[in-house]
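1. Pasting a predicted model and its sequence here:
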Amino acid sequence: MKRILVTGGAGFIGSNFINYILENRDDVEIINVDKLTYAGNLENLKPSEDKSNYHFVRGDICNHELIDYLFSKYKINSVINFAAESHVDRSILGSEIFYQTNVIGTNVLLEAAKRFEVERFLQISTDEVYGSLGATGRFTEHTPLSPNSPYSSSKAAADMMAMAFHHTYGLPVVITRCSNNYGPLQFPEKLIPLMIINAMHDKKLPVYGDGMNVRDWIYVIDHNRAVEAVFEKGKIGGVYNIGADQEMPNIEIVKLILNSLGKSESLIEYVKDRPGHDRRYAIDSSKIETELDWKPKYKFDEAIVKTIEWYKTNKNWWEKIISGEYQKYYEKQYGK
Ligand code: NAD
Ligand code: DAU
């Protein structure tokens, strides 16, 4: 039986991962440790919360006593580390918590994983560690790391630490580097949910710079199918890029959202650019496709419509976040 410590499982990708895995498999036990920061939301885990092979613990990955206790109590034999401060704009406003969670927190997990001799440690990384591309080319696993934001530098540091633990101690590490995700349960600070919700309220849609920065989009379930493949079959010590070959300039996505909601493009407002804004990301995922037989299943045109529909029919989910109700509930339930 795989007893997996999943960190950050109350966030966007982690919760989609847990729900997806537990819907499809009963040969794993998942222990979800999440600090429930502003981005963590236990509502996301409704489909999984009553399953006997699912356990939730509120906690910080930087707390080594708690992490050691969890390894020993649940006889953890593998780790998937989703937990992170994930929003680039926030990292520009204040970097400290990014280095705390993404670097120190990862180190605490690596140390525990070494002591408890896990069978696998999967570090969830990002294509942002490669930096920014010009008009052509794509990131491969051999592209040198060249992170530009406090967020991406903290993720690159974590990748290097994970690899150092592999080389020095033989820790069975694998790393995934995925492009921009979209789908249900994404916190409404990220481009796609923010634009959908603003458009629904006839609020301005703030587009940074000239709107021509390019991101390479993947539906969250395709990311999670890839995470499962790397977790099961990825070569120890390996890095796997994950992407769905779907590059789009931001302005095109914003217009697509407005059009599909029947709203006017006059809601678009070009605003001051993000400092150090990476121009273009594009992922070459041929390695995972050939080595692990993974391919994206979802086409952007269909999955973006599905995503917009999800935000339209799940107002209750994001309205509570926007009004700060969840935060108050968690503080009452769990303390600050
Ligand atoms: P998110 O911000 O939605 O969720 C992060 C989760 O981690 C939250 O539930 C939060 O409460 C938890 N967390 C934060 N600090 C913690 C700590 N110290 N201890 C325990 N839990 C903590 O993020 P996401 O978009 O779901 O991203 C998940 C992972 O995937 C991150 O590692 C991110 O770098 C990576 N990633 C994200 C994307 C994307 O497009 N969102 C793309 C590639 C990689
Ligand atoms: O590439 C993977 C990364 O994608 C992940 O590692 C990060 O965790 C995740 O947050 C995401 O980072 P980005 O910075 O690319 O995502 P964000 O949604 O913040 O922005 C996407 C693009 O849209 C980017 O070029 C900035 C732009 N943007 C964003 C916001 C929030 C705007 O123009 N206006 C906005 O209001």
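-> Right, received. Where do you want to start? Ligands and ions are numbered 1, 2, ... in the order given.

2. Contact partners for Ser125?
-> Lys155, Ala156, Ala158, Asp159, Ile175, Thr176, Arg177, Cys178 (Cβ atoms under 8 Å, 6 or more residues apart in numbering). Every C-beta, even on glycine, is put in place using the N, C-alpha and C of the backbone.

3. Which element, helix or strand, includes it?
-> For Ser125, the element it lies in under DSSP states H and E is strand 120-126.

4. how about that strand as PDB, C-alpha atoms only?
-> This file holds the C-alpha atoms of strand 120-126, laid out as PDB (Å, rounded to 0.1, in the frame of the first residue of the first chain):
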ATOM      1  CA  ARG A 120       9.700   8.200  -3.700                       C
ATOM      2  CA  PHE A 121       9.700  12.000  -3.300                       C
ATOM      3  CA  LEU A 122       7.900  13.900  -6.000                       C
ATOM      4  CA  GLN A 123       8.700  17.600  -6.000                       C
ATOM      5  CA  ILE A 124       6.000  19.600  -7.900                       C
ATOM      6  CA  SER A 125       7.900  22.400  -9.600                       C
ATOM      7  CA  THR A 126       7.100  24.800 -12.400                       C
END
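
5. Okay, now the sheet partners of that strand, with direction.
-> Paired strands of strand 120-126, with direction, are strand 78-81 (parallel), strand 173-178 (parallel) (DSSP bridges).

6. near ligand 2, which residues of the stretch 201-336 of the chain show up?
-> Selection of the stretch 201-336 of the chain residues close to ligand 2 by Cβ under 6 Å from any ligand atom yields Pro206, Val207, Tyr208, Asn213, Arg215, Asn250, Arg274, Tyr281.

7. And the buried ones among those, selectable in PyMOL?
-> In PyMOL, this line selects whichever of those come out buried by 16 or more other Cβ atoms under 10 Å:
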select buried, resi 207+213+215+250+281
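
8. can I get the residues of the stretch 201-336 of the chain next to ligand 2 in a markdown table with pLDDT, distance to Tyr38 and secondary structure?
-> Formatted as a markdown table, these follow (pLDDT from 0 to 100; distance: Cβ to Cβ, whole Å; DSSP: H, G, I helix; E, B strand; the rest coil):
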| residue | pLDDT | distance to Tyr38 | secondary structure |
| --- | --- | --- | --- |
| Pro206 | 97 | 19 | strand |
| Val207 | 98 | 24 | strand |
| Tyr208 | 98 | 21 | strand |
| Asn213 | 98 | 25 | coil |
| Arg215 | 98 | 23 | strand |
| Asn250 | 98 | 23 | helix |
| Arg274 | 97 | 20 | coil |
| Tyr281 | 98 | 25 | coil |
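
9. which one of the residues of the stretch 201-336 of the chain next to ligand 2 is nearest ligand 1?
-> Distance to ligand 1 across these (Cβ to the nearest ligand atom) is lowest for Arg215, with 8.7 Å.

10. so what's that closest one up against?
-> Arg215 neighbours (Cβ under 8 Å, 6+ apart): Ser179, Asn180, Leu191, Glu247, Met248, Asn250, Tyr281.

11. what's the offset of stretch 156-169 from the middle of its chain?
-> Averaging C-alpha positions (Cα atoms, centre = their mean, to the nearest Å) puts stretch 156-169 20 Å from its chain's average.

12. Any residue of that stretch touching ligand 2?
-> No: applying Cβ under 6 Å from any ligand atom, one finds stretch 156-169 separated from ligand 2 by no less than 11.0 Å.

13. tell me the strands in the stretch 151-300 of the chain, going along the chain?
-> 173-178, 180-182, 205-208, 214-219, 239-242, 247-249, 268-271 (DSSP state E, counting those that start in this stretch).

14. Can you list the strands that the second one pairs with?
-> Paired neighbours of strand 180-182 in the sheet (DSSP bridges): strand 214-219 (parallel).

15. anything in the strand it pairs with near ligand 1?
-> No: using Cβ under 6 Å from any ligand atom, strand 214-219 stays clear of ligand 1, with a minimum separation of 8.0 Å.

16. Show me which residues of that strand are buried.
-> Buried residues in strand 214-219 (16+ other Cβ under 10 Å): Val214, Arg215, Asp216, Trp217, Ile218, Tyr219.

17. Look at whichever residue of the stretch 201-336 of the chain sits closest to ligand 1 and say how many residues are nearby.
-> In the stretch 201-336 of the chain, the residue that lies nearest ligand 1 is His223 (7.1 Å; Cβ to the nearest ligand atom). When neighbours are counted by other Cβ atoms under 10 Å, His223 registers 26.

18. Was I right to think it contacts Tyr182?
-> No: between His223 and Tyr182 there is no contact under Cβ atoms under 8 Å: 9.8 Å.

19. Burial check on Phe300, number of neighbours?
-> Phe300 has 20 nearby residues by other Cβ under 10 Å.

20. Retrieve the pLDDT associated with it.
-> Phe300 is assigned 97 on the pLDDT scale.

21. Quickly note the distance from the residue nearest to it when sequence neighbours are not counted to Ser179.
-> Distances taken as Cβ to Cβ, 6 or more residues apart in numbering place Gln246 nearest to Phe300, at 4.5 Å, with adjacent residues excluded. Here Gln246 is placed at a distance of 8 Å from Ser179 (Cβ to Cβ, to the nearest Å).
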